[in-house]
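Enquirer: no FASTA, just this:
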C-alpha cells in the first residue's frame, strides 16, 4: 500500500528528502505523497524512511490504495526501468 500524510503534518520538511522515489511533495497546505511513486521504500530500504523520520507520526498506510509487498516490488522495478541512465552508465 502506498503511504499518505494526514492533516496532522507540521510541514517540518524532514520527510521529503528521505524519499528515494521522490514521491513526497509540498501540497497546498501540507506535504503529500504521489501513490503511483510510493513503494514504501521497498527496493531501497527495509523500512519506510519517511515514517522513521516523521516527528509527529502522521504518515500512515493508505488503506484506500492496497498493494502487497510483491506489488510494491514490481512498482519499484518499473520505476527504476523508467529512470534515465546515470552519466556513469552512458560512458
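Expert: Happy to help now that I have it. This is a predicted model, so every value here is computed, not measured. Residues are numbered from 1 along each chain as shown.

Enquirer: going by neighbour count, list what's buried in stretch 38-47.
Expert: Residues of stretch 38-47 classed as buried by neighbour count (16 or more other Cβ atoms under 10 Å): 38, 39, 40, 41, 42, 43. All C-beta atoms are positioned from the backbone trio N, CA, C, and that covers glycine.

Enquirer: got JSON lines for those, with pLDDT and distance to residue 63 too?
Expert: Shown next, in JSON lines, are the buried residues of stretch 38-47 (pLDDT from 0 to 100; distance: Cβ to Cβ, whole Å):
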{"residue": "38", "pLDDT": "97", "distance to residue 63": "14"}
{"residue": "39", "pLDDT": "97", "distance to residue 63": "17"}
{"residue": "40", "pLDDT": "97", "distance to residue 63": "13"}
{"residue": "41", "pLDDT": "97", "distance to residue 63": "18"}
{"residue": "42", "pLDDT": "97", "distance to residue 63": "18"}
{"residue": "43", "pLDDT": "95", "distance to residue 63": "22"}
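
Enquirer: looking at these, spot the one nearest residue 61.
Expert: Nearest to residue 61, judged by Cβ to Cβ, of the buried residues of stretch 38-47 is residue 40 at 7.9 Å.

Enquirer: quick one, what contacts that closest one?
Expert: Residue 40 makes contact with 1, 2, 3, 48, 61, 72, according to Cβ atoms under 8 Å, 6 or more residues apart in numbering.

Enquirer: for it, give its distance to residue 29.
Expert: The gap separating residue 40 from residue 29 is 24 Å, by Cβ to Cβ, to the nearest Å.

Enquirer: now swap in residue 43 and tell me
Expert: According to Cβ to Cβ, residue 43 stands 30 Å off from residue 29.

Enquirer: tell me where the model's unsure across this structure.
Expert: The chain contains residues with pLDDT under 70 at 85-91.

Enquirer: quick one, helices of it?
Expert: 49-53, 69-82, 87-90 (DSSP state H).
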